[in-house]
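Asker: Quick check, what structure comes out for this input:
(one chain, ligands or ions: 1)
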Amino acid sequence: MMPRSRAADPPRDRKGALKTLWRLIRPRWAQAASLSLLLTLTAALGQVFPQFVRLVIDDLIPRGEGRLLLLVGAGMLLFYLLTAALGYAAMYFSYAFTQRVISEVRLEAYGKLLRLPLARFTSERSGSLVSRVVSDVNALETMIQSGASRLLGQLFSVVFVLAVLFATDWVLALVALAIVFAMAFFTGVYQGPLRESARRIRSRVGELTATATEAIGNIGVVKSFANEGLEYRRFERDNDRYVAGNLERRKQVGLMEALVGLSADLGLAAVLVLGGWLVVQRGLTVGELSAFLLYLGNLIGPVRSVMFFNNALQAGLAALERVDELLHDRPEQEGGRTAVPHGGLSFHGVTFRYPGGGAPALRGLSFTVAPGQTVALVGPSGAGKSTVAKLVSRLYDPDEGEILLGGFDLRTYALSALRGRVAVVPQEPTLFSGSVLDNIRYAKPEAADDEVREAARLANAEAFILGLPQGFDTEIGERGVKLSGGQKQRVAIARAILKEAAVLILDEATSSLDTESEAVIQDALAGLFERRSRVTTLIIAHRLSTVLGADAILVLNNGQLVERGTHRELVARRGLYWALQRLAQEDGRRRAEVLGD
Ligand SMILES: Nc1ncnc2c1ncn2[C@@H]1O[C@H](COP(=O)(O)OP(=O)(O)OP(=O)(O)O)[C@@H](O)[C@H]1O
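Answerer: Numbers count the residues shown, from 1 in each chain. Prediction:
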C-alpha cells in the first residue's frame, strides 16, 4: 500500500527564505550588481558640482575668461544631461529588474497554490493562502528594489571611505571603525524583534485578507442574514490587530534608528574631541582633522543606509518566509500512468478520515463496479456517499486500503489524466465568469464550438441556452446572468458529456428541482448515458427512478457498506434500504397531499 502524502511540511525559516532569495537573484546577480554600481556612479557624478564652482571662481573669473565661461556652461549642460539620462536609465532598469523577479515569484507561487492538495486548503483559510501569492509577494518589492539599486554602491562607499580614513590617521580611523561597530551592534540587537514583528504583520495581513475574502465571496448569505454589521466588526477587529502590529514595529524601528543615530553623533563628537587633543598634543594639523571629519560624514551616511536597509530586509524576509513555505509545500502526489482505461472501479478496505475531522468518514469500505455498470449509492445523510465520490477523483487519498481503476491504484495515474477521465456532476455545479460556451468547455478546453453545442443539445440544455439574451455567448457566473438550479445541472451534465470519461459520478440533486425540471434532467442524463454507454457509473441516488435503473445498489451507513443488491432484493430484506425507501415514499405522499390542496 502506498504511504499517505503529508499535508504540509514543517514551517520553513529565514535560512530557507534566504536560500530562495538567492535562487531568485543568482541568475541575474551580474545585472543587479551593474545596475547598483551605475546608480552609485550617477550619484557620485552629483558630487562634481563643487569642482565646477572651484574652476569658475578660482580660475576663470580671476583670468577674465568670458568665452571659456560659456564653454564651461555648455560642458555643464552636456554633463548634467548625461547624468540625468544615466540616472533615469539606471532607476528604470533597477525597477524593471525588481518587477521581473517579483513577477516570477508570483507566478511560481500561484502555480504551486493551484497544485496543493485539497486538504491544505482546510488547514489555512483560502484568503490567507491568496495573500501569500499577492500581498506577501508585493511586500518583497522594497527589499529587492533598494537592494538592487543602492546596497552594493553603499557597501562600496563604506569600504572605500574606511580605507581613506586609515590612510589619513589610523588612530582616528580606529574610532571611526568603533562607530561603525556600534551602529552595527544596535542594528543586530533589533534584528530579531524586527523580524518577529514583521512576521506578525504578514500573518495579520493574511487574516485580514481572509476575512474580507470570505465575506465578499459569500455576500449573498451575508446580506440574507443582514449581517453586514457583524462582518464589518470582524474586519475591524483584524484591521485593529494589523494597525497595532504596525505601530509596535514602528516603535522598534524608531528605537533602533535613534540608537544608531546616537552612536553616529557621539562617535563624531568623540572624533572631534580626540582629534582636537591630537592637534594640541601630537601635531595633527587642523586641515587634516577637518578633512577627517568631512570623510567621516561621508562614511556615516552610507553606513546608516546599509543599517536601515536591514529594516527593509527583515520585512522582506518575513514576507518571503510565507511565500517560501508555499513554494515548498508538498504538491499533490501522482503517478506517471497517462493512459486511463475504460475499466471497473473497486474499493478495497478503504478507510478515510478528513484532515482535522473526528471519526472516519469511511471504514473498511470494499465494493466493485464492473466496467460499464451503474451502481447507486444510497444511505442516510452523512453516511459517506459524497466522500466516495471525492476519493474517486483523488481530491483525497485513503488512509488505509486502495482504490483501483482498470486494475491500477488511482495513485499510479497522472492526476490530469485521471481527472480528465472522471466526470463529476455535482449537486450544486459551479459556474465561472464567462460565456455559457466557455463554461461548458471548462471540461475540455480544446473542444471545438460544435462539439460544445452538441454536448449542450444532448444534455437538454440547448433550448434554454438559445433563449438567453446572447445564446451560447451569454455571460453567466458572478457578473452575468444567473441560472436556475436545474439549468446549472444541465450545464454540468453537458460538461460531463464533453469529457471522454471512463468513470461518471453523479451526485443527484436532493431538492431545488420541481417535477418538470426533474424530468428534463432525467432526459439529459439519458443523453449522457446514450453517449457514454461504456462508462462505469456511480450515482449518489436520491430518487427511486435512478435506483431502479442501476445494476446494483450499495447501502452505506456510518461509512460502512451495510447492504447490497437490487431494489427487489433489498426491499425483501426489510433492512435500512427498505426503511429509507418507506421514508421517501411517505415524504412523497405528504408533498402530493400539500400540492393537491
Ligand atoms: N470536508 C470535510 N471535512 C471534515 N469532515 C467532513 C468533510 N466533508 C464531510 N465530512 C464528514 O464526513 C462524513 C461523511 O460525509 P459525506 O458528505 O460523505 O456524507 P453523505 O452521505 O454524502 O451525506 P449527504 O447525503 O448529506 O450529502 C460526515 O460525517 C461529514 O460530517
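Asker: after the lowest-mean-pLDDT helix or strand in the chain, next one along is what?
Answerer: Lowest on mean pLDDT, DSSP states H and E among the helices and strands of the chain sits helix 515-531, with a mean of 62. The helix or strand immediately downstream of helix 515-531 is strand 536-540, counting by DSSP states H and E.
Asker: Check which residues of that next one are buried.
Answerer: 536-540 (16 or more other C-beta atoms under 10 Å). C-beta: built from backbone N, CA, C; applies to glycine.
Asker: got it, and stretch 64-78?
Answerer: Quick answer for stretch 64-78 (16+ other C-beta under 10 Å): V72.
Asker: do the same with stretch 38-50
Answerer: 38-40, 42-43, 45.
Asker: what stretches of the stretch 451-597 of the chain score poorly on pLDDT?
Answerer: 478-480, 509-533, 595-597 (pLDDT under 70).
Asker: how about the strands of this protein, start to end?
Answerer: Secondary structure of the chain (DSSP state E): strands located at 345-352, 362-369, 374-378, 400-405, 408-409, 422-425, 434-435, 475-476, 503-507, 536-540, 552-557, 560-565.
Asker: For those, give me JSON lines that also has distance to L18.
Answerer: As requested, these are exported to JSON lines (distance: least, C-beta to C-beta, whole Å):
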{"stretch": "strand 345-352", "distance to L18": "39"}
{"stretch": "strand 362-369", "distance to L18": "44"}
{"stretch": "strand 374-378", "distance to L18": "51"}
{"stretch": "strand 400-405", "distance to L18": "40"}
{"stretch": "strand 408-409", "distance to L18": "40"}
{"stretch": "strand 422-425", "distance to L18": "42"}
{"stretch": "strand 434-435", "distance to L18": "41"}
{"stretch": "strand 475-476", "distance to L18": "46"}
{"stretch": "strand 503-507", "distance to L18": "46"}
{"stretch": "strand 536-540", "distance to L18": "49"}
{"stretch": "strand 552-557", "distance to L18": "51"}
{"stretch": "strand 560-565", "distance to L18": "51"}
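Asker: so Q581 makes contact with V571?
Answerer: Yes - counting by C-beta atoms under 8 Å, Q581 touches V571, with 6.9 Å between them.
Asker: need the contact list for the residue nearest the centre of the chain.
Answerer: Residue closest to the average C-alpha location in the chain (C-alpha atoms, centre = their mean): V133, at 3.4 Å. V133 is in contact with 106, 109-110, 113, 323, 326, counting by C-beta atoms under 8 Å, 6 or more residues apart in numbering.
Asker: can we see that at 7 Å?
Answerer: Counting by C-beta atoms under 7 Å, 6 or more residues apart in numbering, V133 makes contact with 106, 109-110, 113.
Asker: Among the residues you listed, name the ones in helices.
Answerer: 106, 109-110, 113 (DSSP state H).
Asker: quick revisit: who wins for proximity to L247 among the strands of the chain?
Answerer: strand 434-435 (43.7 Å; C-beta to C-beta).
Asker: Distance from the closest one to the middle of the chain?
Answerer: Relative to its chain's centre, strand 434-435 lies at 24 Å (C-alpha atoms, centre = their mean, to the nearest Å).
Asker: and if you look at stretch 100-107?
Answerer: 12 Å.
Asker: Quick check: buried residues in it?
Answerer: 101-102, 105-106.
Asker: The stretch 101-250 of the chain: helices as residue ranges?
Answerer: 120-123, 126-133, 135-138, 141-146, 152-168, 170-217, 219-224, 228-282 (DSSP state H, counting those that start in this stretch).
Asker: Turn the buried residues of stretch 38-50 into TSV, including distance to Q427 and pLDDT.
Answerer: Shown next, in TSV, are those (distance: C-beta to C-beta, whole Å; pLDDT from 0 to 100):
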residue	distance to Q427	pLDDT
L38	61	82
L39	59	78
T40	64	76
T42	64	77
A43	65	70
L45	69	75
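Asker: What about the ligand: which of those residues touch it?
Answerer: Counting by C-beta under 6 Å from any ligand atom, the subset of the buried residues of stretch 38-50 that neighbours the ligand is empty.
Asker: how about TSV for those residues, with distance to R250 added?
Answerer: Output for these, formatted as TSV (distance: C-beta to C-beta, whole Å):
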residue	distance to R250
L38	33
L39	28
T40	29
T42	32
A43	28
L45	35
